[in-house]
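>>> have a look at this prediction, sequence included:
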Amino acid sequence: MCFVRMRANDQIVLTTHSRSSGLAIDPIEKKPLNNFLPGSKAYSFGTAGCNLLCKFCQNWDISKARETDILNKNATPENIAKIAKEYGCKSVAFTYNEPIIFMEYAIDVAKECHKLGLKTVAVTNGYICDEPRKEFFSYMDAATVGLKGFTERFYKDITGSHLQPVLETLIYLKKYTNVWFEIVSLLIPDENDSAAEIEKQSTWIKENIGIDVPVHYTAFHPDWKMLDKPSTPLETLIQARDITMKNGL
């Protein structure tokens with residue numbers, strides 16, 4: 001499904017190592033991370049492909065890309081870290097598409113970043129198995145985890161995946177790592193934005209993760225395969241914020 005691996009010499013290899021898309025310098029708050037190196041710049045990049053099939057994908061031109069030949073071919077781990085340092089960035093962010101599917105590359109970049117005193121940030125959907133989860137996050141200093149909804153129906157029908165592995169990632173980050181992480185949920189009208197679902201989600205976060213994790217709610221706009229949905233009203237975001245704060249987050 002991810003379209004970034006192939007068989008070569010009887011091994012499965014990553015086709016996007018040292019090849020990138022979307023190289024940019026962003027404020028760290030854009031990830032969104034509001035409480036990790038606030039006010040700093042993050043050198044941000046992605047590759048191609050994804051391990052989910054989100055119908056609402058807002059970076060679909062990158063995450064659904066199948067033409068890896070169009071990627072920047074000079075994005076070696078050493079070059080990424082060097083350029084980030086030269087431009088005064090405090091961190092390098094793996095973003096725009098899912099870093100879990102290029103974890104070997106992300107880890108190699110992270111190693112070079114740490115040599116230069118740079119932090120690493122994963123903007124991730126958290127959909128990963130136990131063993132690679134441990135390895136991947138051992139090289140990350142911070143993460144934004146997308147909790148895309150809070151029902152199995154939403155994850156199965158809208159993203160082609162399952163909710164439980166994402167919840168397990170959140171629990172793992174809290175209990176077994178020193179990774180700073182924040183949670184972000186994109187609210188889609190009539191799909192995952194009901195008061196009841198926000199109540200259930202925020203209660204789960206409080207009981208399983210704690211009240212100290214920052215939670216972000218962002219607005220959906222029609223894109224990819226969900227062009228029939230309206231944009232998220234401001235009132236929905238305010239309601240979600242109020243419910244979440246009522247629960248102590």
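Alright, I've got the coordinates. Residues are numbered from 1 along each chain as shown.
>>> and L173, what element?
Counting by DSSP states H and E, the secondary-structure element that holds L173 is helix 164-176.
>>> mind listing what's buried along the helix or strand following that helix?
Scanning forward in sequence from helix 164-176 by DSSP H and E, the next helix or strand is strand 180-187. When burial is assessed from 16 or more other Cβ atoms under 10 Å, strand 180-187 yields the following buried residues: 180-187. C-beta: built from backbone N, CA, C; applies to glycine.
>>> does anything pack onto strand 180-187? Which helices or strands?
Judged by 3 or more Cβ pairs under 8 Å, 6 or more residues apart in numbering; DSSP states H and E, strand 180-187 is in contact with strand 142-146, helix 164-176, strand 215-219, helix 234-246.
>>> okay if I get those as JSON lines plus mean neighbour count?
Written out in JSON lines, the entries for the helices and strands packed on strand 180-187 read as follows (neighbours: other Cβ atoms under 10 Å):
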{"stretch": "strand 142-146", "mean neighbour count": "23"}
{"stretch": "helix 164-176", "mean neighbour count": "17"}
{"stretch": "strand 215-219", "mean neighbour count": "18"}
{"stretch": "helix 234-246", "mean neighbour count": "15"}
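>>> CSV for the ones you listed, including mean pLDDT?
Formatted as CSV, those follow (pLDDT from 0 to 100):
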stretch, mean pLDDT
strand 142-146, 99
helix 164-176, 99
strand 215-219, 99
helix 234-246, 99
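>>> can you list those in a markdown table and add distance to T15?
Below are these laid out as a markdown table (distance: least, Cβ to Cβ, whole Å):
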| stretch | distance to T15 |
| --- | --- |
| strand 142-146 | 24 |
| helix 164-176 | 24 |
| strand 215-219 | 31 |
| helix 234-246 | 38 |
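>>> return the alpha-carbon coordinates of the lowest-mean-pLDDT helix or strand in the chain using CSV.
With mean pLDDT, DSSP states H and E as the measure, the helix or strand of the chain carrying the lowest mean pLDDT is helix 60-63 (a mean of 76). Coordinates of each C-alpha in helix 60-63 appear next as CSV, following Å, rounded to 0.1, in the frame of the first residue of the first chain:
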residue,chain,number,x,y,z
TRP,A,60,-2.4,13.8,-1.0
ASP,A,61,-0.1,15.1,-3.7
ILE,A,62,2.8,13.9,-1.6
SER,A,63,1.3,11.0,0.4
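>>> and the next helix or strand past it?
Using DSSP H and E, the helix or strand that follows helix 60-63 in sequence is helix 77-86.
>>> so which other helices or strands are in contact with that next one?
strand 41-46, strand 91-94, helix 103-115.
>>> now that helix: mean pLDDT?
In this model, helix 77-86 has an average pLDDT of 98.
>>> what's next to that helix, contact-wise?
The contact list for helix 77-86, computed with Cβ atoms under 8 Å, 6 or more residues apart in numbering, reads 18, 20, 43, 45, 91-92, 105, 108-109, 111-113, 115-118.
>>> go again with 7 Å.
Contact partners of helix 77-86, identified using Cβ atoms under 7 Å, 6 or more residues apart in numbering, comprise 43, 45, 92, 108-109, 111-113, 116, 118.
>>> CA-only coordinates of it, as PDB, when you get a sec.
The C-alpha atoms that make up helix 77-86 are tabulated as PDB, following Å, rounded to 0.1, in the frame of the first residue of the first chain:
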ATOM      1  CA  PRO A  77      21.100  12.400   6.000                       C
ATOM      2  CA  GLU A  78      24.300  14.400   6.200                       C
ATOM      3  CA  ASN A  79      23.000  17.100   3.900                       C
ATOM      4  CA  ILE A  80      19.700  17.400   5.700                       C
ATOM      5  CA  ALA A  81      21.400  17.900   9.000                       C
ATOM      6  CA  LYS A  82      24.000  20.200   7.600                       C
ATOM      7  CA  ILE A  83      21.500  22.500   5.900                       C
ATOM      8  CA  ALA A  84      19.200  22.600   8.900                       C
ATOM      9  CA  LYS A  85      22.100  23.700  11.000                       C
ATOM     10  CA  GLU A  86      23.300  26.300   8.500                       C
END
